[in-house]
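# Dropping the sequence and predicted coords here.
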Amino acid sequence: MSWAPFVARRARPMPSPMSCGPWSPSGLMGLVGRDSDPVRDPAHVVLSHILELAWAAGEDPDLQTLILRLVDPPFEKVGVFPVDRFFPSDDRMDLAMLLNGVVASPSFAAWTKGASLDIDRMLGGPAGLPGADQGRIPVHVFSLAHLPDEQRQFFLTLLLGRLRAWSRGMPGTSALRAVLFFDEVAGYLPPHPRNPPTKAPLLTMMKQARAVGLGVLLATQNPVDIDYKALSNAGLWFLGRLQTKQDRDRLLGGIGRPALDAQVAGLGKRHFLLIDAKTDEPQEFQTRWAMSYLRGPFTRTEISQVQAMLSDGSPPDLASSSQGLASPPPGSQADDDPGALLGAPPPVPGDSWTLDPRVAFSARIGDHFSTLAGPGRRDGRPVFHPALLADLELRFDDERHGFVLNHHELRIWYPLEDGLSQQPLRVELGAGDLLPSPPDGALFGRLPGWLDEASELKKLQRQITDDVYRSETRGMFVHAKLKLYGRPGEDRAAFDARVAAAIQDRVDADVAKLKDRFERDSQRIEDRLETKRARLVEQQGIVRSRQAAEVVNVGETIMSWFSGRHRSVSTAMTKRRQSSQAQDRVTRTQQQISDLEQDAYELERTLEEKIVDITAKHQDLADQVEEKDVRLERNDIRLVRFGILWVPATRRLPA
């Protein structure tokens with residue numbers, strides 16, 4: 001096996017932002033720890049105007065030039081206002097001093113060196129990738145583990161902005177030109193309302209870059225920290241096991257696959273669910289077994305060593321001692337070096353605890369510690385290395401709506417290298433999981449230089465609480481029109497059930513009002529029907545009596561002709577007319593009764609139609625459920641325990 005290609009990818013030198021553009025005003029503001037609105041923030045608008053004028057003149061200004069032009073802008077007005085009115089000179093000087101402090105900082109000196117960030121050189125133009133004609137595909141890896149948050153945001157904004165600008169200059173294609181792979185994207189593409197400067201270029205490339213052959217592959221362990229627009233614009237999802245119901249609901253709801261909840265919850269270790277937007281059926285697969293050192297990220301020193309090896313043309317020896325690419329795993333025989341380990345725990349600037357090895361390597365904790373542990377020593381002495389422990393109690397409350405959720409969380413950062421660069425392990429540890437004292441004969445690693453003073457530990461404590469304050473949220477379901485709000489621990493199905501019950505109550509109330517109104521109309525029709533029916537009976541009786549009188553009168557008239565006493569025919573005609581009039585009144589009353597019965601039928605049918613309309617109108621409310629992020633206040637974060645946790649670094653358990 002040849003390690004040269006791997007090393008070449010990992011050891012690529014960091015580009016120099018001092019020699020590359022275009023500059024991003026959002027990235028510059030993030031570099032000094034300021035959030036900015038591209039439209040409302042005068043500082044952002046003035047910086048954008050300075051850069052726009054420079055680029056229009058064919059210039060590619062460095063940071064020193066930008067600072068000087070910020071103090072004395074090369075224009076007199078911004079829009080219709082004088083520049084000193086729009087962004088006063090004192091405010092410009094304050095911002096320039098902040099940027100100058102960054103430039104003058106020793107930690108920023110590294111940004112003035114290295115290769116330029118030339119996307120055309122790295123990825124090529126329309127003609128294709130450089131080196132692709134020889135069957136070699138270049139891979140460029142940027143390691144940001146050693147950078148503080150502000151500089152990470154700054155560089156990523158710069159890189160993503162350049163990559164977005166490069167993609168906009170490419171012609172359309174159905175082939176894949178390049179792939180942007182972003183590991184641990186949490187915090188750089190967060191959901192609304194957070195809007196870091198890295199969010200806009202990432203969303204733009206996810207929506208549009210595929211048309212020019214640029215793929216975007218994002219990886220995260222915290223899918224709820226990804227904006228739903230990014231989730232919905234992806235074409236492929238590889239889902240591992242998500243243990244919490246909230247994570248599954250947020251992710252599967254975002255990609256429109258809520259029915260996969262049980263399947264995702266039941267995935268085994270290293271099993272993934274492949275979801276393709278072009279197919280309906282997901283596919284479960286397992287990653288192949290591979291032998292991997294699993295030593296963690298490279299340190300800055302190791303990257304420099306690899307770079308020196310590559311410049312000499314000699315492949316690195318991964319099995320060498322600490323002078324080579326990789327230092328031996330903690331707890332291995334290389335720890336026989338008396339200067340590497342201590343026979344007692346070193347002085348700790350705060351509290352410390354020792355993790356029981358039986359707990360560290362148990363199935364309950366998983367394989368996080370076991371994969372980092374080395375083989376046991378020949379003398380059988382256990383080895384412990386330092387980790388940072390933060391035991392947090394969080395209170396997510398929206399008391400106005402009755403939502404109060406108390407959450408306990410324990411985070412462990414291990415191994416400790418160049419700061420808290422990696423994602424912490426989140427576990428539950430009880431009092432019995434920590435040893436009252438270290439095992440006899442145990443050896444201990446040294447504390448890193450950035451963690452051996454109380455002030456440094458206090459600074460890390462503030463950094464962790466600030467990160468929790470900015471990033472931790474809990475979802476609360478909200479239905480604004482129904483004035484319904486989620487309860488702690490309530491899932492979407494339970495909230496939907498409450499919404500359905502509230503909708504049904506509204507339907508029942510509106511239907512009851514409608515029935516009351518129609519009941520009055522129906523009663524009027526029924527009263528008229530009873531009157532008409534009674535009149536019909538009376539009129540029918542009159543008709544029968546008139547018809548009988550008519551028959552008798554006709555008979556008497558005929559008999560009078562035989563008896564010689566002639567009766568007048570006009571009397572018979574009068575009886576006939578009266579009988580006919582009575583029958584006409586009966587016919588009219590019968591028609592009126594028929595019309596009223598038709599009115600009653602139409603009224604009943606109208607009532608049924610209106611009930612259907614009311615039900616349909618209210619059922620539309622079922623789709624108006626939203627999820628609101630309940631954020632933390634500063635006083636909602638409590639550190640129960642914070643300090644050094646000694647973690648077993650050898651797999652052999654102590655006697």
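Arrived safely. Predicted model, so just to flag it, every value in this text is computed and none were measured.

# alpha carbons only for contacts and neighbour counts from here, please
OK.

# For the longest helix along the chain, name the packing helices and strands.
Longest among the helix segments of the chain by residue count, using DSSP state H, is helix 492-563. Judged by 3 or more CA pairs under 8 Å, 6 or more residues apart in numbering; DSSP states H and E, helix 492-563 is in contact with strand 473-479, helix 569-619.

# For residue 345, which non-adjacent residue is spatially closest?
In space, and not counting its chain neighbours, residue 345 is closest to residue 444: 5.7 Å by CA to CA, 6 or more residues apart in numbering.

# Just grab the bridge partners of that neighbour for me.
Beta-bridge pairing for residue 444 (DSSP bridges): residue 342, residue 384.

# That one and residue 435, how far apart?
15 Å (CA to CA, to the nearest Å).

# and what of residue 389?
Between residue 389 and residue 435 the computed distance is 15 Å (CA to CA).

# Between those two, tell me which one has more neighbours.
residue 389 (22 against 14; other CA atoms under 10 Å).

# isn't the more buried one right next to residue 645, touching?
Yes: between residue 389 and residue 645 there is a contact under CA atoms under 8 Å: 5.9 Å.

# Using the three-state scheme, assign residue 408.
Under the three-state scheme (DSSP: H, G, I helix; E, B strand; the rest coil), residue 408 adopts strand.

# Find the residue closest to it in space, skipping its chain neighbours.
The shortest distance from residue 408 to any non-neighbouring residue, by CA to CA, 6+ apart, is to residue 393 (4.6 Å).

# again with residue 535
Using CA to CA, 6+ apart and skipping the chain neighbours, the partner closest in space to residue 535 is residue 589 (7.6 Å).

# And for the one you found, the neighbour number?
By the criterion of other CA under 10 Å, residue 589 has 19 neighbours.

# Report pLDDT for the residue nearest to residue 345.
At residue 444, the model reports a pLDDT of 91.

# Can you list the residue ranges for strands in the stretch 351-500 of the chain?
Counting by DSSP state E, counting those that start in this stretch, the stretch 351-500 of the chain has strands at residues 351-355, 383-398, 403-413, 425-427, 434-435, 443-445, 473-479, 484-485.

# Determine the set of other helices and strands touching the third one.
Strand 403-413 makes packing contacts with strand 383-398, strand 425-427 when contacts are defined by 3+ CA pairs under 8 Å, 6+ apart.

# what's the most buried one of the ones you listed?
strand 383-398 (a mean of 22; mean count of other CA atoms under 10 Å).

# which helices and strands does that strand pack with?
Looks like strand 383-398 contacts strand 403-413, strand 443-445, strand 626-631, strand 637-648 (3+ CA pairs under 8 Å, 6+ apart).

# which of those strands is buried the deepest?
Highest mean neighbour count of the helices and strands packed on strand 383-398: strand 443-445, a mean of 23 (counted as mean count of other CA under 10 Å).

# That one: how far from the chain's middle?
Relative to the chain's own centre, strand 443-445 is displaced by 41 Å; criterion: CA atoms, centre = their mean, to the nearest Å.

# Who are the packing partners of that strand?
Secondary-structure packing of strand 443-445 (3+ CA pairs under 8 Å, 6+ apart): strand 341-342, strand 383-398.

# what does it contact?
Contacts to strand 443-445, defined as CA atoms under 8 Å, 6 or more residues apart in numbering, come from residues 340-346, 381-386.

# Test my guess that residue 408 contacts residue 394.
Yes: contact criterion CA under 8 Å: residue 408 and residue 394 qualify, at 6.2 Å.

# For the stretch 501-650 of the chain, give me the ranges with low pLDDT.
Of all residues in the stretch 501-650 of the chain, those with pLDDT under 70 make up the ranges 549-572, 575.

# what about residue 604, distance to residue 517?
Counting by CA to CA, the gap from residue 604 to residue 517 is 12 Å.

# Neighbour count for the two, which is higher?
residue 604 (16 against 12).

# How about the contacts made by the more buried one?
Neighbours of residue 604 in contact, by CA under 8 Å, 6+ apart: none.

# Kindly report the same for residue 586.
Counting by CA under 8 Å, 6+ apart, residue 586 touches 536, 539-540, 543.

# State whether residue 238 and residue 274 are indeed in contact, as I suppose.
Yes: between residue 238 and residue 274 there is a contact under CA under 8 Å: 4.8 Å.

# Would you agree residue 507 is in contact with residue 614?
Yes: counting by CA under 8 Å, residue 507 sits close enough to residue 614 to count as a contact (6.5 Å).

# what are the ranges of the strands in the stretch 201-350 of the chain?
With DSSP E, counting those that start in this stretch as the criterion, the stretch 201-350 of the chain has strands spanning 214-219, 236-239, 271-276, 283-286, 341-342.
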